[in-house]
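In: Would you be able to build a 3D model of this:
(chains A and B)
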Amino acid sequence: MSGELYADLAWLPKSPVDFRERCHALVRSHDVGAGATVAQLASYRLNQNQLRVLANAIESMRSESVSLHPLTPCTLGVIGNSTLEPLVPVLVGSAARHGIDLRCVVADFGQTIQEATVAGSKINSAAPDAVLIALDIHAFHLPHR
Amino acid sequence: MDDATDAIYQRLTEILREVFDDDSLVAVPELTARDIAAWDSFGHLRLVFTIESAFGISFAASQVPSFDSVGELANIIAQEISGTTGKS
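Out: Got it, this is the predicted structure:
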């Protein structure tokens, strides 16, 4: 068993060639059962580009107040010490595969401590269900060799 | 344009559409990042990774930021495929 199994999500079915079109069609449809279709689209072996397309579709439907039932809503705060925006579509698309309608609230760059500790911060104001703390090695001030 | 170059541009058209989620995109030599709103620094990295995967090639780190146009990109891909690149 190699690391590629996990990196490539090799146990999932390959995505259909018209995956992007299916995502676009879902947004256009205003389908009342959109959540189930989102979960089905998320169940494929999606690469980063496809996860972004799916996340954009979810965001479009959310902005038009389309229900994503039966997905379970969850708000995730994301704080860290590097540029975090590229993580969001990957998290949103992958969460849908697990039945979760994930909404991410991302802290501003370099505001890790403030976002975590100040009551009125962007993260605390959003009252997230969970917070992802994504710190890289530079956060720990380890000695250089 | 010879067949090999034409094939590169056809594949690049598919890749541009996939990476930037825009079916109106067509890979032509004069197309640049300034013509595509979503082609920012992260879009550039996603484009590089997708090209590497699609063509089975690997860019040198020094090449990654240097693609100024699709024509330049296609030339580098052709060099990588033919093994005539001078990357270090």
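
In: With the flanking residues excluded, which residue is spatially nearest to the residue nearest to the spatial centre of chain B?
Out: For chain B, the residue nearest the mean C-alpha position is residue B:73 (4.5 Å; C-alpha atoms, centre = their mean). Residue nearest to residue B:73 in three dimensions, not counting chain neighbours: residue B:67, with 4.5 Å by C-beta to C-beta, 6 or more residues apart in numbering or on different chains. Heads up, the C-betas are built off the backbone N, CA and C, glycines and all.

In: Next: residue A:45.
Out: residue A:12 (4.1 Å).

In: Make sure the one you found is actually in contact with residue A:42.
Out: No: using C-beta atoms under 8 Å, residue A:12 makes no contact with residue A:42, being 9.6 Å away.

In: quick one, which of those two is more surrounded?
Out: Counted by other C-beta atoms under 10 Å in any protein chain shown, residue A:12 and residue A:42 do not tie: residue A:42 has more neighbours, with 24 against 13.

In: so what pLDDT did that one get?
Out: You'll see residue A:42 listed with a pLDDT of 97.

In: Does residue B:27 touch residue B:16 like I think?
Out: Yes: using C-beta under 8 Å, residue B:27 is in contact with residue B:16, at 5.7 Å.

In: Mind listing the shared neighbours of the two?
Out: Residues touching both residue B:27 and residue B:16 by C-beta atoms under 8 Å, 6 or more residues apart in numbering or on different chains: residue B:70.

In: Which elements pack onto the longest helix along chain B?
Out: In terms of residue count, the longest helix belonging to chain B (DSSP state H) is helix B:3-20. Contacts defined by 3 or more C-beta pairs under 8 Å, 6 or more residues apart in numbering or on different chains; DSSP states H and E place helix B:3-20 against helix A:48-63, helix B:41-55, helix B:70-82.

In: Could you export that helix as PDB, keeping only the C-alpha atoms?
Out: Extracted in PDB, the C-alpha atoms of helix B:3-20 (Å, rounded to 0.1, in the frame of the first residue of the first chain):
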ATOM      1  CA  ASP B   3       0.900  17.800 -35.300                       C
ATOM      2  CA  ALA B   4       2.900  17.600 -32.000                       C
ATOM      3  CA  THR B   5       2.500  21.300 -31.300                       C
ATOM      4  CA  ASP B   6      -1.200  21.200 -32.200                       C
ATOM      5  CA  ALA B   7      -1.700  18.300 -29.800                       C
ATOM      6  CA  ILE B   8       0.000  20.300 -27.000                       C
ATOM      7  CA  TYR B   9      -2.400  23.300 -27.700                       C
ATOM      8  CA  GLN B  10      -5.400  21.000 -27.700                       C
ATOM      9  CA  ARG B  11      -4.500  19.500 -24.400                       C
ATOM     10  CA  LEU B  12      -3.700  22.900 -23.000                       C
ATOM     11  CA  THR B  13      -7.100  24.100 -24.000                       C
ATOM     12  CA  GLU B  14      -8.600  21.200 -22.000                       C
ATOM     13  CA  ILE B  15      -6.400  22.000 -19.000                       C
ATOM     14  CA  LEU B  16      -7.100  25.800 -19.000                       C
ATOM     15  CA  ARG B  17     -10.800  25.000 -19.100                       C
ATOM     16  CA  GLU B  18     -10.500  22.500 -16.200                       C
ATOM     17  CA  VAL B  19      -8.200  24.700 -14.000                       C
ATOM     18  CA  PHE B  20     -10.000  28.000 -14.500                       C
END
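
In: now that helix against helix B:70-82, angle please.
Out: Per axes from the mean of the first three to the mean of the last three C-alpha atoms, to 10 degrees, the angle that helix B:3-20 makes with helix B:70-82 is 120 degrees.

In: Chain A contacts on chain B?
Out: Residues of chain B lying near chain A by C-beta under 8 Å from any C-beta of the partner chain: B:17-19, B:21, B:23, B:42, B:46, B:49-50.
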